[in-house]
Structure formats: structure tokens, C-alpha cells
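*Asks:* Sequence plus the predicted model coming up.
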Amino acid sequence: MALKTEAVGKSWPSFDYEVGKEKIAEYCRVLGIKDPVHFDRKAANKADFRDVVAPPMFCVVYSAGSLGPAIFDPEVEMNFAAMVHGGQEFEWGVPVCSGDVITTTPKCTEIYEKDGKGFYVFETESVNQEGDSVVRGVWTNIVRGV
């Protein structure tokens, strides 16, 4: 079965996420991150951050909402039940802090078949309320048995 590639180059509507101080703290507690810049405004300010700062991989939290419509788009035709995580790459920009509103826009950059598996590659670009880039992500999903 040939994979449909019509969605390559397609973008989906942007997704906004307002970063909260408590959400950063919850994320850090779950992962065992203890640096006070992630919990305490005074510690964050002393370290030259505008507010409590999110750790870099918090980008998964604010980017995830943008990927749902892309992954489940009928034009992409991805069998989610057979999908496994293939990988992700990130290029970070300015730090994300509590109070920031992050806007993430997803785009499909590749769909191809290799060794009986479908590879679906999406790129996300996330910017803060000032328009500054906070992270660019590349998300690879693999679908078994195509």
C-alpha cells in the first residue's frame, strides 16, 4: 500500500498555551528537578530570568496540543493504533517563563515508507507573546505495517 503524501507541506492552525507557575512546578516535581529557578520567583530573578523558568523539555507540554490535529487529520492518514514514537529533535531559543503565552504552529514536512514502516515527520515552531522563537521541534512518528 502506498502512503498518501498530499499532506506534506500542510500546516495546521496555531495552538496557544499559557504557561503557569504551578504547571512548571508540577512538571519538575514529577521529573525530580529541584533547581529553585523552576519553583521560586526570587531565585529565578536572581538567576536573570523574568519569572519562574520552565526546563527545556517542558516544550513537549506546550507543543503537544498543536500536534493532535495534525496527527489525526484524515489527509495524513496515519494509523494511530500502530504508531510508535520515532524521535524528536529540538532547537531552543529564549527561555520560557511563567506567564508566557506560547503559540505553536505545526507543519508536515515528510511522509515516506521504509522497510514496511511509514515515517511521518512534523515540524513545530513555537514563539512567545513577543514573537520570539522559544523552540523549533521535529517530531518523527513511525507506523508499523504499512
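*Replies:* In hand now; what should we look at?
*Asks:* ok but residue 8 is inside a strand, no?
*Replies:* No: according to DSSP: H, G, I helix; E, B strand; the rest coil, residue 8 belongs to no strand; its state is coil.
*Asks:* who's the residue lying closest to residue 89 once chain neighbours are set aside bridged to?
*Replies:* Excluding the flanking residues, the one nearest residue 89 by CB to CB, 6 or more residues apart in numbering is residue 138, at 4.5 Å. (C-beta placed from N, C-alpha, C; glycine too.) Residues in a beta bridge with residue 138, per DSSP bridges, are residue 89, residue 123.
*Asks:* Residue 138 touches residue 120, doesn't it?
*Replies:* No: checked against CB atoms under 8 Å, the pair residue 138 and residue 120 is beyond contact range at 11.5 Å.
*Asks:* neighbour count winner among those two?
*Replies:* Each of residue 138 and residue 120 has its neighbours counted (other CB atoms under 10 Å); residue 120 has more, 24 against 15.
*Asks:* hang on, isn't the more buried one packed against residue 109?
*Replies:* No: with contact defined as CB under 8 Å, residue 120 does not count as touching residue 109 (9.5 Å).
*Asks:* Give me the distance between residue 41 and residue 48.
*Replies:* The gap separating residue 41 from residue 48 is 13 Å, by CB to CB, to the nearest Å.
*Asks:* So if I had to pick from those two, which one is more boxed in?
*Replies:* residue 41 (16 against 9).
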